[in-house]
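Student: how would this look folded up:
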Amino acid sequence: MKALRIDEIGKTSLCDVAAQPLGAGEVRVRLSHVGLCGSDLNTFRGRNPLVEFPRIPGHEAVGTIVETGADVAMQLGTPVVLWPYSACGQCSSCRKGRGYACRNNQTLGVQRDGALREDIVLPASAVIANHSLPPHRMVLVEPLSVGFHAAGRGSVAAGDRVVVLGCGMIGLGAVMAAAQAGARVIAVDPIAEKEQVARDCGADMFLSDTGDDLLAAVRALTDGEGADLVIEAVGLPQTFTAAIDLAAFCGRVVYVGYSKAPVTYETKLFNLKELDIFGSRNATRQDFDAVISALETRGAVADRLVTRQIPLSDAATALPYWDANPQDVLKLVVAL
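Tutor: Numbering: from 1, shown residues only. Take a look at the predicted model:
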C-alpha cells in the first residue's frame with residue numbers, strides 16, 4: 001500500500017509499504033484524512049530530536065474500521081478518530097492517572113511510524129468512534145484538543161481575562177476552549193490576517209503587537225492589571241518571557257509551545273506576582289470529547305481552519321510547500 005515517508009531531512013516520497021498484520025484486540029483502520037502539524041514540519045526540517053529517519057508521519061487521523069481482530073466488539077464501517085499516544089502504565093505519570101503525559105509515550109508519526117498511509121493497525125483502545133462529525137472536520141479533533149488541554153491546565157473559568165499567544169491550530173484550540181468557558185479572550189499573533197479566524201473561534205479581541213507594544217495593549221485591555229491566564233502556544237524565547245510579563249499578579253501561565261532555544265527569565269516576577277506556571281502536554285480523552293462537542297456546533301469554523309486539502313498522490317509535495325510558505329499555512333490535510 002502507499003504511504004508518505006520522510007526519508008531524510010528535507011526529502012519526502014510516496015512509497016510502498018507492507019500491510020501490518022492484525023492481532024487479537026486490534027483493528028485495521030482505512031484512513032480517509034490525515035492532518036500534518038508543526039511537529040511533522042519540524043521533522044522534515046531536521047528539528048525534531050525525537051524522530052529517527054525514515055519516518056511515516058501523521059498523528060491527526062481519521063478513518064473507518066475495515067477489519068477487527070479477536071476479542072474486538074467494534075462494528076465494521078465505524079468511523080473513528082485515532083488516539084495517537086501510548087502509555088506504559090508504570091511511570092509516575094501513568095500511576096497518577098495522566099497517561100497522556102507518559103514518560104515513555106510514543107506518538108504516532110514521531111517515535112513510531114504514523115498514519116499517513118492507506119491503512120493502519122492499532123489496538124481497539126486507540127480508536128474513538130464518532131458518528132456526529134464528517135471526517136474532514138473530525139481530523140481537526142486532535143490538534144484542537146491540545147489547545148483545549150492547555151486551557152484546562154490553566155483552570156480557565158468564566159470571567160477570566162485570557163491572553164493566547166499564537167494563533168496556530170493549538171492556539172486556536174485554546175481560544176475556542178477559553179471562549180466556551182466564558183472567558184474574555186485576547187488572541188495574539190504577528191500575522192494580522194489571522195484576526196478573522198481567531199474571532200471565528202471565539203476571541204473577543206485580536207492583537208498583532210509584539211514586545212513593549214503588546215504589554216501596553218494588554219494592560220490597556222485589562223484595566224492595567226494584566227491577564228488572569230496566559231497561554232503560550234508559539235515556542236519562542238520571546239513569547240516565553242512575554243507570558244510572564246503579561247500575566248497579572250497571582251495569574252496563571254501555561255506553556256504548550258516549547259522553545260528550541262534556551263530561555264532567560266527575570267525570575268523575580270515568578271515570586272513577586274506569585275504566579276502559577278504550568279506545562280501542558282498532549283490531551284486527554286475528555287479533551288477529545290470536548291472538541292467533538294464544540295465542532296458539532298462550530299463546524300463551519302472548522303472548515304475555515306484548513307488551508308489546503310491534498311490528495312495522497314500529491315502528498316510528497318505537502319511538507320516542501322509548507323516549508324517554503326510557512327506564513328500561508330494554518331493546516332494541511334491529506335485526503336486518502
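
Student: from the chain's centre, how far out does stretch 12-20 sit?
Tutor: 25 Å (CA atoms, centre = their mean, to the nearest Å).

Student: In it, which residues are buried?
Tutor: Neighbour counts using 16 or more other CB atoms under 10 Å place Thr12 of stretch 12-20 among the buried residues. The way it works is simple: take the backbone N, C-alpha and C, and place the C-beta from them, glycine included.

Student: who's in contact with it?
Tutor: Contacts made with stretch 12-20 from outside it, assessed by CB atoms under 8 Å, 6 or more residues apart in numbering, are listed as 1-7, 28, 44, 56, 117, 119-121, 312-313, 315-316, 318-320.

Student: Now intersect those with the helices, please.
Tutor: Phe44, Ala318, Leu319, Pro320 (DSSP state H).

Student: Nearest residue to Arg103 in space, please, no chain neighbours.
Tutor: Residue nearest to Arg103 in three dimensions, not counting chain neighbours: Cys91, with 4.0 Å by CB to CB, 6 or more residues apart in numbering.

Student: if I pick the one you found, what's in contact with it?
Tutor: Cys102, Arg103, Asn104.

Student: Pull out the buried members of the contacts of stretch 12-20.
Tutor: Neighbour counting by 16+ other CB under 10 Å classes 3-6, 28, 44, 56, 117, 119-121, 312, 315-316, 318-319 among the contacts of stretch 12-20 as buried.

Student: Which two among the residues you listed are spaced furthest apart?
Tutor: With distances taken as CB to CB, the most widely separated pair in the buried ones among the contacts of stretch 12-20 is Arg28 and Phe44, at 27.5 Å.

Student: one step back: so which of the ones in helices among the contacts of stretch 12-20 comes closest to Phe240?
Tutor: Scanning the ones in helices among the contacts of stretch 12-20 for proximity to Phe240, where the rule is CB to CB, the winner is Phe44, at 24.2 Å.

Student: For stretch 125-144, list the C-alpha coordinates in CSV.
Tutor: Extracted as CSV, the C-alpha positions of stretch 125-144 are listed here (Å, rounded to 0.1, in the frame of the first residue of the first chain):
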residue,chain,number,x,y,z
SER,A,125,-8.5,1.0,22.7
ALA,A,126,-6.6,3.5,20.5
VAL,A,127,-9.6,4.5,18.3
ILE,A,128,-12.5,6.6,19.3
ALA,A,129,-15.8,6.1,17.5
ASN,A,130,-17.7,9.1,16.3
HIS,A,131,-20.8,9.4,14.2
SER,A,132,-21.6,13.1,14.6
LEU,A,133,-18.8,14.7,12.6
PRO,A,134,-17.9,14.3,8.9
PRO,A,135,-14.3,13.1,8.5
HIS,A,136,-12.9,16.4,7.1
ARG,A,137,-13.9,18.0,10.4
MET,A,138,-13.1,15.1,12.7
VAL,A,139,-9.4,15.3,11.5
LEU,A,140,-9.1,18.5,13.5
VAL,A,141,-10.1,17.0,16.8
GLU,A,142,-6.5,16.0,17.9
PRO,A,143,-4.8,19.3,17.2
LEU,A,144,-7.6,21.4,18.7
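
Student: Which parts of it count as buried, going by neighbours?
Tutor: Of the residues in stretch 125-144, 126-128, 130, 133-144 count as buried by neighbour count, 16+ other CB under 10 Å.

Student: coming back round to it: give the ChimeraX command for selecting the buried subset of the contacts of Cys91.
Tutor: What follows is the ChimeraX syntax for the buried subset of the contacts of Cys91, where burial is set by 16+ other CB under 10 Å:
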select :102
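
Student: How confident was the prediction at the residue nearest to Arg103?
Tutor: We have a pLDDT of 98 for Cys91.

Student: go on, the one 3 residues further on?
Tutor: What the model reports as pLDDT for Cys94 is 98.

Student: what's the answer for Val301, then?
Tutor: Looking at Val301 specifically, the model assigns a pLDDT of 89.

Student: same deal with Gly114?
Tutor: According to the model's per-residue confidence, Gly114 sits at a pLDDT of 98.

Student: between the contacts of Cys91, which is nearest Arg298?
Tutor: Relative to Arg298, and with distances defined as CB to CB, the nearest of those is Cys102, at 30.4 Å.

Student: Measure how buried the nearest residue in space to Gly25 that is not next to it in sequence is and give me the count.
Tutor: Computed as CB to CB, 6+ apart, the closest residue to Gly25 that is not its neighbour in sequence is Asp71, at 5.3 Å. Neighbourhood size, Asp71 [other CB atoms under 10 Å]: 10.

Student: how much space is there between the residue nearest to Glu26 when sequence neighbours are not counted and Leu82?
Tutor: With sequence-adjacent residues excluded and distances taken as CB to CB, 6+ apart, Glu26 is closest to Gly69, at 4.4 Å. Note on Gly69: its distance to Leu82, by CB to CB, to the nearest Å, is 16 Å.
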